[in-house]
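Trainee: Sequence first, predicted coordinates after that:
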Amino acid sequence: MEDSPPPLSDREIELLTELVKGSTNRQIAKALDISPNTVKSHLRNIYEKMGVSSRTEAVAVALQDGLMEDERAPETGVPPLDDGEDEADSIATATPSPSPHTAEALDRPRPPVEQAVPTPLPPARADAAPPRRTMPPWLGIALGTLSLVLLGLLVVMWLRPPAAEAPAKPATVVAVAPQRWEPLAKLPAPRSGAWALTAQSDLLLLGGRNGDSLSVDMWRYDESVGRWEPAAPLPTAVGDAAAAVVSGQLVVVGGVDASGTVVAELQQYDPDGDEWMSGIPLPTPLARAAVAAFEGDLFLFGGTDGTVAQTTIYRLAAGSDGWEPVGELPSPRTDSAAAALEDGIVIVGGQSDEGAALDEVLYFDPLSAEIRDEAPLPDPIAHPRSATLGTALYLLDDGALLERGPQGDWRPLTTPDDLPLPDDAALVARDPYLLVVGGRSDDRATADVWQYQAIYRSFLPLGTSP
């Protein structure tokens, strides 16, 4: 007897409901507070469980079986695909659309920080029941018709008389080494130790140092004019903080203020309104920690209270009113990098409680809070900066750029001889590019911005003509 197909999970039911509404991948990601890559991973699981190969078939099966009502607009007919995506929902990230800002923003007063009511992260959506899998009859008819058409074309090609002979031309493929590195517009002022992130398609750089002083400046890159424009400044200048983007909001967690005091403050930025607000503070002051967002939740790893390094892993769940401890690192550490991939979070490098650089790579499961060892770094890295593109993880430290492939193997990425990457620079991904922003060169902060094309998409002709 044939085994019953595995049921859809509650999250997969939510995605299927969005498909029936005609939502695109980016709309689904925003509605469910998850990343576009996570949407694609869930869609592949839905297709496999339902026995279909596309979103159109998945919607047809769901509607035919009466699992849910048709919520699409009458003129759409089938749910639309995201721009640049095919029915296989391949992993890709949309190129950000810039948001222009004027120079008048430099003179704006700082927005007030509301300490009394911290802003929680957006809550998760409700669950639904799993559907059954059924193959629609129209799919069999369509496949049969396509087979007959292809067979007819083969017969016509076989019966066609041969063409007159022509001199043979060997196919030629010319390989051109691409120029992967190129400069972008310089920053308005030199910066080292800043954070570079993308929030709601905006490329942002904030904080850091110019010399010995902490900065509250934030700039947004306006691609339409090719320059950095001012945005709302940080309410509090901090160094050694951690920064991430969760549910479309930029957060700066903990750090050391201008007086040298370790703080528990969470500063939260809304790109739509270009304004800062006070978020839910940490249970204890922490600096030099690592943070990463996973499906709407924010996770913090290690750090220091100003005296000793920590092992605690904290989580700020979407819609909750406080942080909670959810696990422990195998040993105390500071200055690690944390990056969310499709199914979990990777914690890389950092420093031990004694100040020794670490080569450890740990995998953290956000659902079970379990930690396991992964293949270590080729060499210890004391203060890595991380960015992700698809399933690849990139690290920047002391002028070296490393790439981690799907199998966990690490390889260095080459740079031109005349391009020594600066120390203490920010690293950010903007598909298909990596950006190295600011940093310190010859013991001075720099305003340079370099762009590296990490992914190439090329198309070759299928045939040649005589």
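Mentor: Yep, that arrived.
Trainee: Who are the contact partners of the closest residue to residue 454 other than its chain neighbours?
Mentor: In space, and not counting its chain neighbours, residue 454 is closest to residue 434: 5.2 Å by CB to CB, 6 or more residues apart in numbering. C-beta here means a position set from N, CA and C on the backbone, and glycine is covered the same way. Contact partners of residue 434, counting by CB atoms under 8 Å, 6 or more residues apart in numbering, are 387, 389, 394, 401, 427-428, 451-452, 454.
Trainee: Show me what the longest strand seen in the chain pairs with in its sheet, parallel or antiparallel.
Mentor: In the chain, assigned by DSSP state E, the strand with the most residues is strand 324-333. Applying DSSP bridges, strand 324-333 is found paired with strand 310-316 (antiparallel).
Trainee: And for the partner strand, what's in contact with it?
Mentor: Here strand 310-316 has contacts from 121, 280, 282-283, 286, 289, 297-304, 322-333, 364, 366, 369, using CB under 8 Å, 6+ apart.
Trainee: May I see the contacts of residue 434 organised as TSV, with distance to residue 276 added?
Mentor: Shown next, in TSV, are these (distance: CB to CB, whole Å):
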residue	distance to residue 276
387	24
389	28
394	28
401	31
427	23
428	20
451	28
452	31
454	31
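Trainee: Among those residues, which ones are in strands?
Mentor: Using DSSP E, the subset of the contacts of residue 434 located in strands is 387, 389, 394, 401, 427-428, 451-452.
Trainee: okay, the residues you listed in a markdown table with neighbour count next?
Mentor: Shown next, in a markdown table, are those (neighbours: other CB atoms under 10 Å):
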| residue | neighbour count |
| --- | --- |
| 387 | 24 |
| 389 | 20 |
| 394 | 23 |
| 401 | 20 |
| 427 | 23 |
| 428 | 22 |
| 451 | 16 |
| 452 | 19 |
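Trainee: got any ranges where the stretch 51-200 of the chain has weak pLDDT?
Mentor: Within the stretch 51-200 of the chain, the ranges that satisfy pLDDT under 70 run 65-117, 119, 121-144, 147, 149, 151-179.
Trainee: switch the cut-off to 50
Mentor: 72-116, 124-133, 163-178 (pLDDT under 50).
Trainee: just checking, residue 341 touches residue 388?
Mentor: Yes - Residue 341 lies in contact with residue 388 (CB atoms under 8 Å); the separation is 6.4 Å.
Trainee: Show me what counts as buried in stretch 322-330.
Mentor: 323, 326-327, 329 (16 or more other CB atoms under 10 Å).
Trainee: Most widely separated two among these?
Mentor: Using CB to CB, the two most remote members of the buried residues of stretch 322-330 are 323 and 329, lying 15.9 Å apart.
Trainee: Skipping adjacent residues, who's closest to the residue nearest the centre of the chain in space?
Mentor: The centre of the chain sits closest to residue 388, judged by CA atoms, centre = their mean, with a distance of 5.9 Å. Excluding its sequence neighbours, the residue lying closest to residue 388 (CB to CB, 6+ apart) is residue 339, at 5.1 Å.
Trainee: Could you do residue 409 as well?
Mentor: Counting by CB to CB, 6+ apart, the residue nearest residue 409 is residue 375, at 6.8 Å.
Trainee: returning to what we had before: please identify which of the buried residues of stretch 322-330 is nearest to residue 419.
Mentor: residue 329 (35.4 Å).
Trainee: any idea of the pLDDT on the closest one?
Mentor: pLDDT, residue 329: 97.
Trainee: List the contacts of residue 347.
Mentor: Neighbour list for residue 347: 290, 301, 329, 336-338, 360-364 [criterion: CB under 8 Å, 6+ apart].
Trainee: mind redoing it with 6 Å?
Mentor: Shown in contact with residue 347 (CB atoms under 6 Å, 6 or more residues apart in numbering): 301, 336, 338, 362.
Trainee: Pick the one among those closest to residue 201.
Mentor: Out of those, the member with the shortest distance to residue 201 (by CB to CB) is residue 338, at 22.5 Å.
Trainee: what sits opposite the closest one in the beta ladder?
Mentor: Those that pair with residue 338 in a beta bridge, by DSSP bridges, are residue 347.
Trainee: What number of neighbouring residues does it come out with?
Mentor: 24 (other CB atoms under 10 Å).
Trainee: pLDDT value on it, please?
Mentor: At residue 338, the model reports a pLDDT of 97.
Trainee: Same check on the one 10 residues further on?
Mentor: The predicted local distance difference test score for residue 348 is 97.
Trainee: Excluding chain neighbours, what is closest to it?
Mentor: Residue 348's closest residue in space is residue 337 (CB to CB, 6+ apart), at 4.7 Å.
Trainee: Pull the contacting residues for the one you found.
Mentor: 290, 348, 384, 386.
Trainee: which SSE is residue 228 in?
Mentor: Assigning secondary structure by DSSP states H and E places residue 228 in strand 227-231.
Trainee: What is the neighbour count of residue 239?
Mentor: 18.
Trainee: Likewise for the one 4 residues further on?
Mentor: Counted with other CB under 10 Å, residues neighbouring residue 243 total 21.
Trainee: Over to residue 405?
Mentor: So residue 405, with other CB under 10 Å, has 11 neighbours.
Trainee: Roughly how far does it sit from residue 341?
Mentor: 12 Å (CB to CB, to the nearest Å).
Trainee: Much appreciated, bye for now.
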